[in-house]
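> I would like the atomic coordinates for the input below:
(one chain, ligands or ions: 1)
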Amino acid sequence: MVDLKGQYEHIKEQVNQSILETIESTMFINGPGVKSFQNQLESYLGSKHVIPCANGTDALQIALMSLGLKPGDEIITADFTFASTVEVISLLKLTPVLVDVDPQTFNIDIPSIEKAIGPKTKAIIPVHLFGQAADMEEILALAKKNNLYVIEDNAQSLGAYYTFSDGSKKKTGTLGHIGTTSFFPSKNLGAYGDGGAIFTNDDDLAHIIRGMVNHGMYTRYQHDVVGVNSRLDSLQAAILNIKLKKLDFYNDSRKVAAQKYNNRLIDCQKLITPHRKGDPDSHVYHQYTLKIINGKRDSLVKHLNEKGIPCGIYYPIPLHLQKAYTNELYKPEDFKVTLEIVNQVVSLPMHTELDDDQINFITDTIKSYLV
Ligand SMILES: *Cc1c(COP(=O)(O)O)cnc(C)c1O
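Below you'll find the model as predicted:
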């Protein structure tokens, strides 16, 4: 699905050098590389504050902790995504309210959010899924009207942007009150271990978050709030400092690969290629996800695996049906889209090292099976 080894070969000397310097410095915790990565990411995103942390799930948890919410406050998020969002809401004794997604973009569905907003709603967590921005203009308008916070889960879309109806553009993760991301190795900007970051343009929230990631300390050994220990490792920062300079190039490679997949699959009637909403350049293809519409998704996956082609089903089970998160208030008719697409989606290999032979082999194998 990814070729981290191939990618490493191109940057091996710089990365090794950066790691070695960090080891030689012995500044393993909060070394200078962490601060320079923070500064580099702030200017890349155009975000006033970046607070690095240990992983993307912590980033979401800390973002929620910073808002001063009470147990039982409701947080709206998508039914079709990775479990981190609903997990951290539940851990904090807040109430997750899962809603359906758009059948074309797989991103959180605006009318479903509107329906779910009630007196206890305090925040919306849109996930920019698979590399594409959620409908932020509509989400921000709903949030403003109802006095809600917006936390963007940008774990899959670092480097993507959103175009407003007036033509202005902003990087995903910088549009709401807080944005979060993950540097899990397979993400568009991947470390060689775990890592994450929180972004905000709000000075007060940034201050609260900086203390929260460090045991709730704003002054050394003075614990004002209950915090966590969540740091970006200096060695991971050493790697990310090199890789962030390449992120646009990496995302461009993904876009080129996606366009090649599109060109070769567009005439196949049994599948739907990924929908790009708005500006075609804005999607950074964390995943290249097809919908197989002839009911043969599972047998296609088996066939691809037999041919030595890796593929993935993201995500096979709607979150509202997961044992940990199910709730008798959820009705199947409120999740029509998610319930359908979990049986249709399949993600093809997508990374920065895909070549034409690989793309041709993968697409030929799919087409000859589906005819
Ligand atoms: C990867 C991911 C996360 C979690 O990131 P970790 O660094 O693995 O904790 C959260 N949300 C989404 C949408 C993700 O894809």
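> mind pulling up the pLDDT for N229?
Per-residue confidence (pLDDT) for N229: 98.
> an error on my part: the question was meant for I292.
pLDDT recorded at I292 is 98.
> which residues sit against the biggest helix by length in the chain?
Counting residues, the longest helix in the chain under DSSP state H turns out to be helix 4-25. Here helix 4-25 makes contact (Cβ atoms under 8 Å, 6 or more residues apart in numbering) with 28, 31-33, 185-186, 190, 234-235, 237-239, 241-243, 246, 250, 351-353. Placement of C-beta: from N, CA and C, glycine included.
> what's the residue in the chain that the ligand sits nearest to in contact with, if anything?
Nearest to the ligand in the chain, going by Cβ to the nearest ligand atom, is G56, at a distance of 2.6 Å. G56 makes contact with S84, D153, A155, T180, T181, S182, F183, F184, K187, G196, according to Cβ under 8 Å, 6+ apart.
> can I get these in TSV including pLDDT, distance to L91 and secondary structure?
Shown next, in TSV, are these (pLDDT from 0 to 100; distance: Cβ to Cβ, whole Å; DSSP: H, G, I helix; E, B strand; the rest coil):
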residue	pLDDT	distance to L91	secondary structure
S84	98	10	helix
D153	98	15	strand
A155	98	17	coil
T180	98	15	strand
T181	98	19	strand
S182	98	17	strand
F183	98	21	coil
F184	98	19	coil
K187	98	22	coil
G196	98	16	strand
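> got a winner among these for most neighbours?
Within these, T180 tops the neighbour count with 33 neighbours, counted by other Cβ atoms under 10 Å.
> how about the contacts made by that residue?
So T180 contacts 56, 59-60, 63, 151-155, 173, 196-199 (Cβ under 8 Å, 6+ apart).
> could you identify which of the residues you listed has the most neighbours?
Most surrounded of the contacts of T180: other Cβ under 10 Å gives A59, at 33 neighbours.
> ok, and the closest non-adjacent residue to it?
T180 (3.6 Å; Cβ to Cβ, 6 or more residues apart in numbering).
> out of the contacts of helix 4-25, which end up buried?
31, 33, 190, 234-235, 237-239, 241-243, 246, 250, 351-353 (16 or more other Cβ atoms under 10 Å).
> for the stretch 251-371 of the chain, which segments count as helices?
If DSSP state H, counting those that start in this stretch is used as the criterion, the helices of the stretch 251-371 of the chain fall at 297-306, 336-341, 356-370.
> CSV please, covering those and showing distance to S43, mean pLDDT and mean neighbour count.
Output for the helices of the stretch 251-371 of the chain, formatted as CSV (distance: least, Cβ to Cβ, whole Å; pLDDT from 0 to 100; neighbours: other Cβ atoms under 10 Å):
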stretch, distance to S43, mean pLDDT, mean neighbour count
helix 297-306, 41, 98, 15
helix 336-341, 37, 98, 18
helix 356-370, 34, 97, 15
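> tabulate those (JSON lines), appending distance to the ligand.
Below are these laid out as JSON lines (distance: least, Cβ to the nearest ligand atom, whole Å):
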{"stretch": "helix 297-306", "distance to the ligand": "20"}
{"stretch": "helix 336-341", "distance to the ligand": "15"}
{"stretch": "helix 356-370", "distance to the ligand": "23"}
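> interface residues of this protein facing the ligand?
Counting by Cβ under 6 Å from any ligand atom, the residues of the chain lying close to the ligand are 55-57, 81-82, 84, 127, 153, 155-156, 182, 184, 194, 196.
> reformat these as a markdown table; add distance to R220.
Shown next, in a markdown table, are these (distance: Cβ to Cβ, whole Å):
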| residue | distance to R220 |
| --- | --- |
| N55 | 25 |
| G56 | 28 |
| T57 | 27 |
| T81 | 38 |
| F82 | 36 |
| S84 | 31 |
| V127 | 36 |
| D153 | 32 |
| A155 | 31 |
| Q156 | 36 |
| S182 | 29 |
| F184 | 31 |
| D194 | 26 |
| G196 | 24 |
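> and the residues you listed, which is closest to N294?
T81 (25.5 Å; Cβ to Cβ).
> I'd say the closest one and V127 touch.
Yes. Between T81 and V127 a contact is recorded at 4.5 Å, counting by Cβ atoms under 8 Å.
> filter the contacts of T180 down to the ones in helices?
G56, A59, L60, A63.
> pretty sure the third one sits against V88.
Going back to what we said before, that points to L60. Yes. Contact criterion Cβ under 8 Å: L60 and V88 qualify, at 4.7 Å.
> returning to what we had before: can you put the contacts of T180 in JSON lines and add distance to T77?
As requested, the contacts of T180 are arranged in JSON lines below (distance: Cβ to Cβ, whole Å):
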{"residue": "G56", "distance to T77": "14"}
{"residue": "A59", "distance to T77": "14"}
{"residue": "L60", "distance to T77": "10"}
{"residue": "A63", "distance to T77": "12"}
{"residue": "I151", "distance to T77": "9"}
{"residue": "E152", "distance to T77": "11"}
{"residue": "D153", "distance to T77": "8"}
{"residue": "N154", "distance to T77": "14"}
{"residue": "A155", "distance to T77": "13"}
{"residue": "G173", "distance to T77": "16"}
{"residue": "G196", "distance to T77": "17"}
{"residue": "A197", "distance to T77": "19"}
{"residue": "I198", "distance to T77": "17"}
{"residue": "F199", "distance to T77": "18"}
